[in-house]
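K.L.:
coordinates only, sequence not included:
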């Protein structure tokens with residue numbers, strides 16, 4: 001029996017009127033911002049932060065600092081297990097991945113420029129791996145360990161999606177995902193510097209997150225953009241510095257740095273800039289508030305709920321099929 005996956009892409013504008021869809025992961029950062037009494041002010045202030053940061057970074061031919069604005073799309077990827085025969089009709093659609101896509105409006109030329117897809121990265125299967133599988137594996141273990149095949153299925157599903165016709169028809173370049181640095185590592189500044197990405201850093205050791213994204217086919221480099229307080233982690237395929245234009249990179253930096261100032265102000269809205277040797281800390285008290293309401297504790301609690309949802313509605317029902325497909329998959 002041949003087993004495959006069918007992907008369906010849905011797009012929703014992230015603007016002042018945004019309301020999370022029923023299928024959006026509740027832990028997704030932008031969904032967290034769009035709930036409660038402060039939702040409209042949260043969204044308005046976040047979008048203003050992104051636009052101001054974009055114009056500050058794209059300062060050439062931009063004397064008033066208002067040439068550009070960023071439009072964001074929430075890209076939701078639903079996945080259906082496609083099996084031969086009557087089972088194909090019974091296979092339910094599962095919300096696999098959610099990312100952001102940037103688009104740039106140049107008000108000087110009245111042109112709309114395609115940005116990058118990726119940026120934020122949300123995945124139900126990743127929630128299952130980290131919040132269910134990994135916790136169960138270490139439940140009675142005296143020392144923390146990781147299963148040998150940890151992240152294999154998720155990595156193969158992601159690579160399969162990026163290589164799929166569905167992805168190629170909707171996006172012109174591979175994704176770039178931008179995350180926070182880890183507060184468990186030390187980062188060392190090196191000589192390399194990029195005009196937009198900024199100063200490059202290298203970590204003192206690898207991490208579980210790096211290994212997990214490596215199985216997705218992604219490499220990582222760390223850069224601190226101009227006038228930032230800390231490096232960002234950029235996960236990518238190919239050549240980050242040469243495969244993307246400056247404006248594309250600025251769209252990702254301005255979007256994700258703004259989100260990180262809200263989510264991790266202790267690091268990205270700190271009142272002191274990272275030095276040549278940098279140890280991030282979420283216990284740092286010397287930072288400024290963005291005054292944008294974000295519930296970090298709720299997010300960690302919901303990750304476990306969504307991991308269990310994945311276990312019940314995707315992993316268990318299709319376990320044999322997923323194991324067979326994963327064993328035979330070749331990127």
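P.N.:
Great, that's in hand. Everything numeric here is computed off the predicted structure, so don't read it as measured data. Residues are numbered from 1 along each chain as shown.
K.L.:
all contacts plus neighbour counts: C-alpha atoms, from now on.
P.N.:
Will do.
K.L.:
Which stretches in this protein count as helices?
P.N.:
Per DSSP state H, the chain carries helices over the ranges 29-33, 39-57, 87-90, 124-128, 134-137, 152-162, 165-170, 208-215, 246-263, 265-268, 296-310, 319-328.
K.L.:
Now the fifth one: buried residues?
P.N.:
Put plainly, it is helix 134-137. Judged by neighbour count using 16 or more other Cα atoms under 10 Å, the buried positions of helix 134-137 are 134, 135.
K.L.:
Can you name the residues in contact with stretch 166-174?
P.N.:
For stretch 166-174, contacts defined as Cα atoms under 8 Å, 6 or more residues apart in numbering pick out 7, 8, 9, 116, 117, 161, 162, 236, 237.
K.L.:
That stretch: end-to-end distance?
P.N.:
For stretch 166-174, the first-to-last residue distance is 13 Å (Cα to Cα, to the nearest Å).
K.L.:
mind showing which ranges of this structure have poor pLDDT?
P.N.:
1-3, 21-32, 35-36, 83-92, 295-301, 331 (pLDDT under 70).
K.L.:
can you do 50?
P.N.:
1-2, 27, 85-89 (pLDDT under 50).
K.L.:
could you point out the longest strand in it?
P.N.:
Secondary structure of the chain per DSSP state E: the longest strand is strand 68-83.
K.L.:
which residues sit against that strand?
P.N.:
With Cα under 8 Å, 6+ apart as the criterion, strand 68-83 contacts 1-15, 24, 47, 50-51, 54-55, 88, 91-107, 251.
K.L.:
residues contacting residue 278?
P.N.:
With Cα under 8 Å, 6+ apart, residue 278 has these contacts: 186, 187, 188.
K.L.:
Just give the nearest non-adjacent residue to residue 134, would you?
P.N.:
residue 146 (6.9 Å; Cα to Cα, 6 or more residues apart in numbering).
K.L.:
so that neighbour sits right up against residue 136, yeah?
P.N.:
No: between residue 146 and residue 136 there is no contact under Cα atoms under 8 Å: 10.6 Å.
K.L.:
Buried by neighbour count: which residues of stretch 158-171 qualify?
P.N.:
158, 159, 160, 161, 162, 167.
K.L.:
nearest spatial neighbour of the first one, skipping sequence neighbours?
P.N.:
Once flanking residues are discounted, residue 158 sits nearest to residue 216: 5.9 Å by Cα to Cα, 6+ apart.
K.L.:
The one you found and residue 153 touch, don't they?
P.N.:
No: the criterion here is Cα under 8 Å, and residue 216 misses it with residue 153 at 9.3 Å.
K.L.:
And the two? Which one has more around it.
P.N.:
residue 216 (23 against 20; other Cα atoms under 10 Å).
K.L.:
Name all residues that make contact with that one.
P.N.:
By Cα under 8 Å, 6+ apart, the contact list for residue 216 reads 154, 155, 156, 158, 159.
K.L.:
I'd like to know which of the buried residues of stretch 158-171 is nearest to residue 280.
P.N.:
residue 158 (29.1 Å; Cα to Cα).
K.L.:
hmm, back to that, which PyMOL command selects the buried ones in the contacts of stretch 166-174?
P.N.:
Buried residues among the contacts of stretch 166-174 (16+ other Cα under 10 Å), as a PyMOL selection:
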select buried, resi 7+8+116+117+161+162+236+237
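K.L.:
now, among the contacts of stretch 166-174, which is nearest to residue 129?
P.N.:
Distances from residue 129 to those, taken by Cα to Cα, are shortest for residue 161, at 18.4 Å.
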